[in-house]
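Asker: Here you go, sequence then predicted model.
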Amino acid sequence: MPTIQTKHAHAPQTELYYETYGEGRPVVLIHGWPLSGRMWEPQIDALRHAGYQVTAYDRRGFGQSGKTNGGYTYDVFAADLHDLIEALGLNDVTLVGFSMGGGEVSRYAGLYGTQYLHSAALISSVAPYLLKTDDNPGGGLTEADVEGMVQQVADNRPQYLAAFTKNFLNWDQGDTAQMLGDEFLAFTASLYFQASPVATQACVQAFGTTDFRADLARLTVPLLVVHGDSDRIVPLEVSGQRVPQYQAGAELHVMKGAPHGLNATHPEAFNALLLDFLAR
């Protein structure tokens, strides 16, 4: 299995599993919670055929990467991403972060700057800051919401994630169920059941309470923000719509009728947006 070794001095070291396809300017795909790099299959094909070298990796605790006892914070996730970029010798790279993966993209810029980056994309992302606080009244989650989600995952992870997946895809909306089929639900379950229960819970705390506003200010490369206006998981108005407040150079595209998992439900439209952005 292709893996790289993480190096963070204050977190358990582990191996990150990755897959690389195609040749050309590099694109790194960062998956959402509680999935793995396999969630990007429709994009991997589009990118490799369009002349890009595409790498999808599994976050620590997920997929085929190591399952550590701790280290599930965005400082560590960004360090892991930095280790991947350096180990693979990537330069002039585009980072594409989906949902909680948008946090890695943001925190990476906050900690390591943009010297290796060509551009970045935040897709259905948790940035800029989901927690509702006195100085962030536009956040979408209270501390009680975060704790409740953690507890539901701890109590019955299969039941909670089965319902979560249907909201992730707006399964009851339009022809989504017919288009993707029950097989897609089974495929998705196969991804989230690879994850560590510890990581699944800890990452709720991470994406629900981490402030990325200052990080976005350092994400000064061309930035694409794509969000669905029917996102039930991370609503547009508390996330993607707010990114330009903290990074004026962000280019926001709102996909009409699209859910959180728009890369799966609207692959052609999403891939067209991403490829157009990459070609610039």
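Answerer: Done, it's in.
Asker: Please count neighbours and contacts with C-alpha atoms only from this point.
Answerer: Fine.
Asker: Which residue ranges of this structure form strands?
Answerer: Secondary structure of the chain by DSSP state E: the strands cover 3-5, 15-21, 25-30, 52-57, 93-98, 117-123, 223-228, 250-255.
Asker: which one of those strands lies closest to Leu169?
Answerer: strand 223-228 (10.9 Å; C-alpha to C-alpha).
Asker: Which strands border the closest one, and is each parallel or antiparallel?
Answerer: Strand pairing for strand 223-228, using DSSP bridges, gives strand 117-123 (parallel), strand 250-255 (parallel).
Asker: From the rest of the structure, what touches it?
Answerer: 119-125, 236, 240, 243, 249-260, 262, 277 (C-alpha atoms under 8 Å, 6 or more residues apart in numbering).
Asker: Narrow the residues you listed to those that are buried.
Answerer: Buried by 16 or more other C-alpha atoms under 10 Å: 119-125, 236, 240, 243, 249-250, 252-255, 258-260, 262, 277, out of the contacts of strand 223-228.
Asker: Tell me where the stretch 101-250 of the chain has helices.
Answerer: 101-112, 143-155, 157-168, 176-180, 182-192, 197-209, 213-217, 243-246 (DSSP state H, counting those that start in this stretch).
Asker: Please state the mean pLDDT value computed over the first one.
Answerer: Averaging pLDDT along helix 101-112 gives 98.
Asker: I'd say Val243 and Ala250 touch.
Answerer: Yes. Look at Val243 against Ala250 with C-alpha atoms under 8 Å: they come within range, at 7.1 Å.
Asker: measure the closest residue to Ser125 other than its chain neighbours to His8 for me?
Answerer: Of all residues not flanking Ser125 in the chain, Ser99 sits nearest, at 3.8 Å (C-alpha to C-alpha, 6 or more residues apart in numbering). Ser99 is 23 Å from His8, where distance means C-alpha to C-alpha, to the nearest Å.
Asker: And these two? Which one has more around it.
Answerer: More neighbours surround Ser99 than the other of Ser99 and His8, with 24 against 18 (other C-alpha atoms under 10 Å).
Asker: out of the strands of the chain, nearest to Glu41?
Answerer: Across those, Glu41 has its closest neighbour in strand 52-57 (9.3 Å, C-alpha to C-alpha).
Asker: which residues make contact with the closest one from outside it?
Answerer: With C-alpha under 8 Å, 6+ apart as the criterion, strand 52-57 contacts 16-31, 36-38, 40, 44, 47-48.
Asker: Give me the buried entries from those.
Answerer: Here, 16+ other C-alpha under 10 Å leaves 16-18, 20-22, 25-31, 36-38, 40, 44, 47-48 buried among the contacts of strand 52-57.
Asker: Ala120 pairs with what?
Answerer: Residues in beta-bridge contact with Ala120 (DSSP bridges): Leu95, Leu223.
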